[in-house]
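**Q** no sequence on this one, just coordinates:
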């Protein structure tokens, strides 16, 4: 069975070192999270999968890594200073605040989601979501700056520099992965809605006449990434075009890719047709015309922009939720994180059957060292073999290698595959290349059922 709610994912994430509440020993801070040893590996793997698909394997997209703090006029021109806000209501009784658009009905007619009292909610007012800070030694109005609420604007203001330095012609894209900050009114649902988040965004610049064609292309391409690269179950994904009355002020058309979380269908990624709104806004704000010469028409044009934008944290959460599986075996329940081997934080775990046999431990540690040169591997002898298997199943490790007493005689060890629990015997010197090939998908798994000490079937 899949994850029934976020509580089981939160418990697994903390217990196994994926995600911890930030500053937990001081009571934590809502909307801020720390990625643990396994979480940072999973997060990096997700980002690498996105970068490889969006940049490395393409000829028409290049990368950027821009500063988090930009000139405040960038945010004035983009409309964020005046308009990047959500409607907020306060409860006069319990003093908590809520997003008005999360509530059903008028504030005066509904009960507070926290204390349950009716008639205590204020009328909605707009709350700007940007974090303000100061640049320089004196905190004054002239030194005000902002932590960026999105990575997109840097790609617009650097459009000309990138196009010129990389000799780009339409169509082409600029991609970026980076931190953004939003002072959310009600962060929650674990890492789904954060105040400090990481985004994967790409701005694809096209001739205005080609906007519909490229918009449809990127909707399909991004949906395929979630299914074919991250391995998310297509049954749990859907495309939802925005209605005209919910479009952002800069968008002509937007389609969200949504996932069926335990909290219901929610956005994973948005693909927006931003037209030339941003380039025109920064042209007006800076006085510098942001255009490019189009050889086909023989004129300078201000491109339209198609933007696929996804959150790294939500992608990690989706991988955890979609991969979480509970299986009832003959003797116990098995929790398995069924995620793609290339995404798994640990690709292979080496487990000595008996930790009180120095010769077994020595061979197992040597094998771990050999594996680490090829894939992310770990050594573990802190429990019985059955418990070690369960621990690795729960963190998504696709392959376990057990070094047993027979290994001292035949120079081989047993590789056990996570999902099927089938096994195969392989010579120690061939195990690193075998695991590497399995993780990369170059060779198929051909294991067979085998009785192993401590393994329930």
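**A** On my side now, so go ahead. As the structure is a prediction and not an experimental result, all values here were calculated from the model.

**Q** Just give me the residue closest to the centre of this structure.
**A** By Cα atoms, centre = their mean, the chain has its centre lying nearest to residue 312, at 2.4 Å.

**Q** which residues sit in contact with it?
**A** Taking Cβ atoms under 8 Å, 6 or more residues apart in numbering, we find residue 312 in contact with 43, 46, 47, 177, 197, 198, 199, 200. To be clear about C-beta, it is placed using only N, CA and C from the backbone, and glycine gets the same treatment.

**Q** Any figure for the gap between the fourth one and residue 313?
**A** Right, residue 177. Distance, residue 177 to residue 313, by Cβ to Cβ, to the nearest Å: 12 Å.

**Q** go on, the last one?
**A** The span separating residue 200 from residue 313 equals 10 Å under the rule Cβ to Cβ.

**Q** pLDDT averaged over the helix or strand where residue 197 lies - what is it?
**A** Counting by DSSP states H and E, the element that carries residue 197 is strand 196-206. Per-residue pLDDT values across strand 196-206 average out to 97.

**Q** helices or strands next to that strand in the packing?
**A** When contacts are defined as 3 or more Cβ pairs under 8 Å, 6 or more residues apart in numbering; DSSP states H and E, strand 196-206 packs onto helix 37-51, helix 152-157, helix 159-165, strand 172-181, helix 211-224, strand 304-311, helix 312-323.

**Q** was I right about residue 377 contacting residue 368?
**A** Yes - applying Cβ atoms under 8 Å as the test, residue 377 and residue 368 come out as touching, 5.7 Å apart.

**Q** joint contacts of the two?
**A** The contact lists of residue 377 and residue 368 share residue 350, where a contact means Cβ under 8 Å, 6+ apart.

**Q** Look up phi and psi at residue 419.
**A** Reported as degrees, to the nearest 10, the phi and psi values for residue 419 are phi -70, psi -40.

**Q** What's the local residue count around it?
**A** Residue neighbour count, defined by other Cβ atoms under 10 Å, stands at 12 for residue 419.

**Q** Equivalent analysis for residue 191, please.
**A** A total of 26 residues lie near residue 191 under the criterion other Cβ under 10 Å.

**Q** Partner strands of the least confident helix or strand in the chain by mean pLDDT, with direction?
**A** Every helix and strand of the chain was ranked by mean pLDDT, DSSP states H and E. The lowest is strand 125-128, at a mean of 71. Its sheet considered, strand 125-128 pairs with strand 85-90 (antiparallel) by DSSP bridges.

**Q** Now do the helix or strand following the partner strand: distance to the chain's middle.
**A** Past strand 85-90, further along toward the C-terminus, the next helix or strand under DSSP H and E is strand 97-99. The offset between the C-alpha centroid of strand 97-99 and the centroid of the whole chain comes to 25 Å, using Cα atoms, centre = their mean, to the nearest Å.

**Q** Tell me the strands beside strand 97-99, with direction?
**A** Applying DSSP bridges, you get strand 85-90 (antiparallel) as the partners of strand 97-99.

**Q** separation between the residue of the chain positioned farthest from its centre and residue 360?
**A** No residue in the chain has its C-alpha farther from the mean C-alpha position than residue 409, which lies at 45.6 Å (Cα atoms, centre = their mean). In this structure, residue 409 lies at 12 Å from residue 360, with Cβ to Cβ as the measure.
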